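>>> just a sequence and a predicted model for now, questions to come.
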Amino acid sequence: MDHKLIVIFLFFGFGLTSASHIILHEYHYVNLKMNWTNAQQYCRVKYSDLATIESMDGISRLNRRALETSPAWIGLTDDPKSWRGTMGNDANSWRWTATDETSRTGFHDWAPGQPDNNGGKENCGYVTRTGKWADNECVLRRRFICYQDTNPPGQKTYTLSPTSMKWSDALAYCRKHYKDMAMMENDQENTQMLSVALNLDVWIGLYRESWRWSDNSSSRFRNWASHEPNNKGDEHCSVDMINHLWADISCSWKLPFWCQGAPKMKTIVKMKIQSDADLSDPHAHMQILDQIDAMMRAQGLTDFKLRWKIPPRKEEKEEEEEEEDKNEDTCHGP
């Protein structure tokens, strides 16, 4: 990983004030039309991976020529192999609230064709009236199952809620009054849970964080366009559009794409230094920077930048604020 050091000197004081580390990606626009999988392979051979974008700052560094207006692949995917009809181990696989982990036994009882993430926002699990599991939008209100495992110790007992709630509210209720939302790791526990469900549609403690990055990084930054993602059938890969908003589309489309190079570490060190030199003299600036430059290079550091930042004196700042107040009075009128 490349490492860049930027040192900012602040005068009228002394001592190190802070040091921060920022991971930066260098992005490369590849104007070759490939499906998402082939684009991923190309980026991993030629660069590092398909682009991971972690902030609006990252989006601001996606630069392409004005004539290149096509949507372009980025490294965000919601691969169905991780969550459809399975209890996988990927970042977007199904997990139990009681452990925040996938099933320890691999047990599941999904209904045929479930989960399907219909509409792109079905991230919570429930038990249908048929007794099988399915996924749905977490904002829907329905009754739910909680469990306790202290009486007798280690054996789960299940309780049906008296009221309907959104999934997140149901989770809070179960954790307040019981151990957690229902978790079933074998046929016996699943049958026991169904015995109290009364053939209702009920929430259970199954959820997933949809979408993950190609490089398996944990960034949850998203920049979806309005009404996206919507998973109209098989839309499991993400594109960056010309306005830098994102959408989900079929991974089979052939599009240009964004690759990222090896990440670079940028360290910003802020210092305050007290000096008898005339700090208003540009020649003094150059002399001090030359000495610091030589000292750092002698320590083997070569990739760094030095610059000055001299804050305004207190009296200057007060004068500026008074002038701003006068301007506001003039603009507002009586």
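Cool, the structure landed. Numbering: from 1, shown residues only.
>>> wait, isn't residue 244 in contact with residue 59?
Yes. Between residue 244 and residue 59 a contact is recorded at 5.0 Å, counting by C-beta atoms under 8 Å. Just so you know, the C-beta spots here come from the backbone N, C-alpha and C atoms, and that holds for glycine as well.
>>> overlap in contacts, the two.
Taking C-beta atoms under 8 Å, 6 or more residues apart in numbering as the contact rule, residue 244 and residue 59 both touch residue 223.
>>> so where is this structure shaky, pLDDT-wise?
1-24, 263-277, 279-280, 285, 296, 300-304, 307-334 (pLDDT under 70).
>>> ok, now with 80
Counting by pLDDT under 80, the chain shows low-confidence ranges at 1-25, 66, 218, 262-334.
>>> is residue 226 part of a helix or strand, or is it coil?
Taken by DSSP: H, G, I helix; E, B strand; the rest coil, the conformation at residue 226 corresponds to coil.
>>> show me the domain layout of the chain.
For the chain, the domain assignment from automatic domain parsing gives the residue ranges 2-21+264-332, 26-78+211-260, 80-207.
>>> now the ones you listed in JSON lines, with mean neighbour count?
Below are the domains of the chain laid out as JSON lines (neighbours: other C-beta atoms under 10 Å):
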{"stretch": "domain 2-21+264-332", "mean neighbour count": "12"}
{"stretch": "domain 26-78+211-260", "mean neighbour count": "17"}
{"stretch": "domain 80-207", "mean neighbour count": "17"}
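>>> ok, now how distant is residue 39 from residue 217?
17 Å (C-beta to C-beta, to the nearest Å).
>>> go on, residue 245?
21 Å.
>>> could you do residue 30 as well?
Distance from residue 30 to residue 217, by C-beta to C-beta: 20 Å.
>>> what does residue 55 give?
From residue 55 across to residue 217, the span is 12 Å (C-beta to C-beta).
>>> residue 49 too?
Noted for residue 49: a distance of 9 Å to residue 217, by C-beta to C-beta.
>>> repeat for residue 157
Residue 157 is 40 Å from residue 217, by C-beta to C-beta.
>>> please apply the same query to residue 88.
The value you get for residue 88 to residue 217, if C-beta to C-beta is used, is 18 Å.
>>> now swap in residue 293 and tell me
Per C-beta to C-beta, residue 293 is found 35 Å from residue 217.
>>> do the same with residue 171
Residue 171 is 26 Å from residue 217, by C-beta to C-beta.
>>> do residue 205 as well
27 Å.
>>> one more: residue 211?
12 Å.
>>> I'd say residue 61 and residue 28 touch.
No. Contact criterion C-beta under 8 Å: residue 61 and residue 28 do not qualify, at 10.8 Å.
>>> mind listing the helices for the stretch 201-334 of the chain?
Assigned by DSSP state H, counting those that start in this stretch, the helices in the stretch 201-334 of the chain fall at 282-298, 314-332.
>>> and the stretch 1-150 of the chain, by the same measure?
36-46, 56-60.
>>> ok, which of the ones you listed comes nearest residue 234?
helix 36-46 (11.7 Å; C-beta to C-beta).
>>> what's that closest one in contact with?
Counting by C-beta under 8 Å, 6+ apart, 30, 32, 34, 49-51, 73, 75, 77, 214, 237, 251-253, 255, 257, 259-260 sit against helix 36-46.
>>> tell me, what residue is most central in the chain?
By C-alpha atoms, centre = their mean, the chain has its centre lying nearest to residue 220, at 1.1 Å.
>>> number of residues surrounding the closest residue to that residue other than its chain neighbours?
Spatially, and ignoring its direct neighbours in sequence, residue 220 is nearest to residue 209 (7.6 Å; C-beta to C-beta, 6 or more residues apart in numbering). Other residues within reach of residue 209 by the criterion other C-beta atoms under 10 Å amount to 13.
>>> hmm, residue 209 is touching residue 123, no?
Yes. Using C-beta under 8 Å, residue 209 is in contact with residue 123, at 7.4 Å.
>>> what about residue 157, which helix or strand?
According to DSSP states H and E, residue 157 maps onto strand 153-160.
>>> ok, now residue 196?
With DSSP H and E as criterion, residue 196 is part of helix 187-197.
>>> what's the angle between that helix and strand 153-160?
30 degrees (axes from the mean of the first three to the mean of the last three C-alpha atoms, to 10 degrees).
>>> dump helix 187-197 to PDB, keeping only the CA atoms.
Backbone C-alpha positions of helix 187-197 (Å, rounded to 0.1, in the frame of the first residue of the first chain) are rendered in PDB as follows:
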ATOM      1  CA  ASP A 187     -36.300 -29.300  12.900                       C
ATOM      2  CA  GLN A 188     -37.300 -29.700  16.600                       C
ATOM      3  CA  GLU A 189     -37.000 -26.000  17.400                       C
ATOM      4  CA  ASN A 190     -38.700 -25.000  14.200                       C
ATOM      5  CA  THR A 191     -41.700 -27.300  15.000                       C
ATOM      6  CA  GLN A 192     -41.800 -25.900  18.500                       C
ATOM      7  CA  MET A 193     -41.900 -22.400  17.200                       C
ATOM      8  CA  LEU A 194     -44.700 -23.200  14.700                       C
ATOM      9  CA  SER A 195     -46.800 -24.600  17.600                       C
ATOM     10  CA  VAL A 196     -47.200 -21.100  19.000                       C
ATOM     11  CA  ALA A 197     -47.400 -19.200  15.600                       C
END
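>>> fine by me, we can end here.
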